[in-house]
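In: A predicted structure for the sequence below; I have some questions about it.
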Amino acid sequence: MAQSPRFEPLGFGPFAKTHASFTEVDTFDWAALASTDHDPRERERGRRSFVLRALDEQRSLAAFTELLGELVEVGAPIDVIGSLARVVRDEALHVDLCDRVVKALGGWDERAPEPQWVKSDKRLPLRQRVLATVLGSLCVGETISVHMIAGVRKGASDPVAQEVLTRLLADESFHSRFGWWWLETMPLTDDDHTFAKRYVDKLLPTIARQMAPMIAAKPVAPSPFGSLGGDERRAAFELAMTKTILPGFDAAGLDATTTWRRVQSVASA
């Protein structure tokens, strides 16, 4: 069985024991997942989907680990730092969970691409770098992820896969809330507001472009490991935008709904 291309677990000794007890990774029945008699084509389809999910989690782990260091450097309140430490711990668990699903369904191969890493822009002042990650990766990225994982989990009939997706969903929900808690409890200065408004005005068209091929995808057959076709992705994305993201940014004075309407009108022209 090929090893994962990065973040391969040590798997023994005090580090493995601490990680397992801290994250409860061993509460999942990995042997049952590996021994299920699903159709080989379904297993391969599920394996590929969790490869992509593992890459997303690896990207998030790197991004939020960097944010944690920046919060320490900027002198954020210790309870905020502690709450983000949970986010980093969650992402480490998610990398491990997705890696174990991939291995249970057949293992890694040489085709796994490099994650699309999201890194802090060091050209920006520290406070703006923090705010950009909160807005882009937590408020938007994790909120969309919540709705997408919820849709995928709905169709997952394999009990272990559903348990894994349930854990991912619960954790991602907290990560999304962290971003919105930040906007609610950390008053924006005039400079912060100017930067945030400019950032959101650029972020929303980018999100629309990135999501366009995903929500235009063809319908897909149900999978025991979870699946989401174009129509379901579109519905999940629109719900995330209209229920949480746009109202949340509007409440922070960023006038996101106006920007989003402009983006939509350009796209439909």
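Out: On my side now, so go ahead.
In: only C-alpha atoms for contact and neighbour calcs from this point on.
Out: OK.
In: just for the chain, where's the confidence low?
Out: Regions of the chain meeting the criterion pLDDT under 70 cover residues 1, 268-269.
In: helices along the stretch 101-250 of the chain, start to end?
Out: 126-133, 143-154, 159-185, 190-215, 230-240, 246-251 (DSSP state H, counting those that start in this stretch).
In: between these, which one is nearest to residue 2?
Out: Of all the helices of the stretch 101-250 of the chain, helix 159-185 sits nearest to residue 2, with 20.8 Å by C-alpha to C-alpha.
In: now for that closest one, which elements pack on it?
Out: Using 3 or more C-alpha pairs under 8 Å, 6 or more residues apart in numbering; DSSP states H and E, the elements in contact with helix 159-185 are helix 30-35, helix 78-104, helix 143-154.
In: identify whichever of those lies nearest to residue 51.
Out: Here helix 78-104 is closest among the helices and strands packed on helix 159-185 (C-alpha to C-alpha), at 6.2 Å.
In: show me what counts as buried in the closest one.
Out: In terms of neighbour count (16 or more other C-alpha atoms under 10 Å), helix 78-104 has its buried residues at 81, 84-85, 87-104.
In: returning to that earlier point: including distance to residue 112, could the helices of the stretch 101-250 of the chain go into a markdown table?
Out: Listed next are the helices of the stretch 101-250 of the chain as a markdown table, based on distance: least, C-alpha to C-alpha, whole Å:
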| stretch | distance to residue 112 |
| --- | --- |
| helix 126-133 | 26 |
| helix 143-154 | 21 |
| helix 159-185 | 20 |
| helix 190-215 | 19 |
| helix 230-240 | 23 |
| helix 246-251 | 34 |
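In: now those in a markdown table, with distance to residue 74 and mean neighbour count?
Out: A markdown table is the format used below for those (distance: least, C-alpha to C-alpha, whole Å; neighbours: other C-alpha atoms under 10 Å):
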| stretch | distance to residue 74 | mean neighbour count |
| --- | --- | --- |
| helix 126-133 | 7 | 19 |
| helix 143-154 | 25 | 21 |
| helix 159-185 | 14 | 19 |
| helix 190-215 | 14 | 15 |
| helix 230-240 | 30 | 18 |
| helix 246-251 | 23 | 18 |
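In: let me know which of those is the nearest to residue 21.
Out: Once those are compared by C-alpha to C-alpha, helix 159-185 is nearest, at 15.7 Å.
In: quick one on the thing from earlier: turn the helices and strands packed on helix 159-185 into CSV, columns for distance to residue 44.
Out: As requested, these are arranged in CSV below (distance: least, C-alpha to C-alpha, whole Å):
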stretch, distance to residue 44
helix 30-35, 12
helix 78-104, 9
helix 143-154, 16
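In: closest one to residue 216 among those helices?
Out: Across the helices and strands packed on helix 159-185, closest to residue 216 is helix 143-154 (C-alpha to C-alpha), at 14.6 Å.
In: how far off centre is the closest one?
Out: 10 Å (C-alpha atoms, centre = their mean, to the nearest Å).
In: residue 221 against residue 230, yeah?
Out: No. Residue 221 is beyond contact range of residue 230, at 11.4 Å (criterion: C-alpha atoms under 8 Å).
In: looking at the helices of the stretch 101-250 of the chain, which is nearest to residue 25?
Out: Short answer: helix 159-185, nearest of the helices of the stretch 101-250 of the chain by C-alpha to C-alpha, at 9.7 Å.
In: so the closest one versus helix 143-154, what angle?
Out: Taking axes from the mean of the first three to the mean of the last three C-alpha atoms, to 10 degrees, one finds helix 159-185 and helix 143-154 inclined to each other by 160 degrees.
In: and the angle for helix 159-185 with helix 126-133?
Out: 140 degrees.
In: helix 159-185 to helix 78-104, inter-axis angle?
Out: Using the same axes, to 10 degrees: helix 159-185 against helix 78-104 is 160 degrees.
In: returning to that earlier point: of all the helices of the stretch 101-250 of the chain, which lies closest to residue 265?
Out: When the helices of the stretch 101-250 of the chain are compared by C-alpha to C-alpha, helix 190-215 sits nearest residue 265, at 11.2 Å.
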